[in-house]
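> predicted model follows, preceded by the sequence.
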Amino acid sequence: MENSILELWNEVRAAIETADLDVRKNAAGNASAGVRARKGLRALRGKLATLVKLTVETEKGRKKEKEAAE
């Protein structure tokens, strides 16, 4: 599970870097970069939601394992 969390985190970081470039280009007047930035940000929102769900599920699983061990 931890590997999947880290893999997803790396995807989120890459998406942030890409969106950052597109937002900067859009701020400089590139309209196409604005379209890419908005699309990337919507995709990023979905990845972040998935990451949150995955971390919550992992923590719940660890808690159950800990309680079962007691």
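Ah, there it is.
> from here on, contacts and neighbour counts on C-alpha atoms
Noted.
> longest helix of this protein, counting residues only.
Ranked by residue count and defined by DSSP state H, the top helix of the chain is helix 31-69.
> what helices and strands are in contact with that one?
When contacts are defined as 3 or more Cα pairs under 8 Å, 6 or more residues apart in numbering; DSSP states H and E, helix 31-69 sits against helix 2-27.
> now the helix it packs on: buried residues?
Using 16 or more other Cα atoms under 10 Å as the test for burial, helix 2-27 gives Ile5, Leu8, Val12, Ala15, Ile16, Ala19, Asp22, Val23, Lys25, Asn26.
> tell me the angle it makes with helix 31-69.
160 degrees (axes from the mean of the first three to the mean of the last three Cα atoms, to 10 degrees).
> packing partners for helix 2-27?
Short answer (3+ Cα pairs under 8 Å, 6+ apart): helix 2-27 packs on helix 31-69.
> buried residues in the helix it packs on, which are they?
For helix 31-69, by 16+ other Cα under 10 Å, it's Ala33, Gly34, Arg36, Ala37, Gly40, Leu41, Leu44, Lys47, Leu51, Leu54.
> can you pull the pLDDT of the third one?
Listed pLDDT for Arg36 reads 97.
> look up how far Gly29 lies from it.
For Arg36, the distance to Gly29 equals 13 Å [Cα to Cα, to the nearest Å].
> excluding its backbone neighbours, what's nearest Leu54?
Ile5 (6.9 Å; Cα to Cα, 6 or more residues apart in numbering).
> touching stretch 36-45 from outside, list them.
Val12, Ala15, Ile16, Thr18, Ala19, Asp20, Asp22, Val23, Asn26 (Cα atoms under 8 Å, 6 or more residues apart in numbering).
> which stretches of this protein have low pLDDT?
Applying pLDDT under 70 to the chain flags residues 1.
> how about a cut-off of 80?
Along the chain, segments meeting pLDDT under 80 span 1-2, 70.
> no further queries at this time; thank you.
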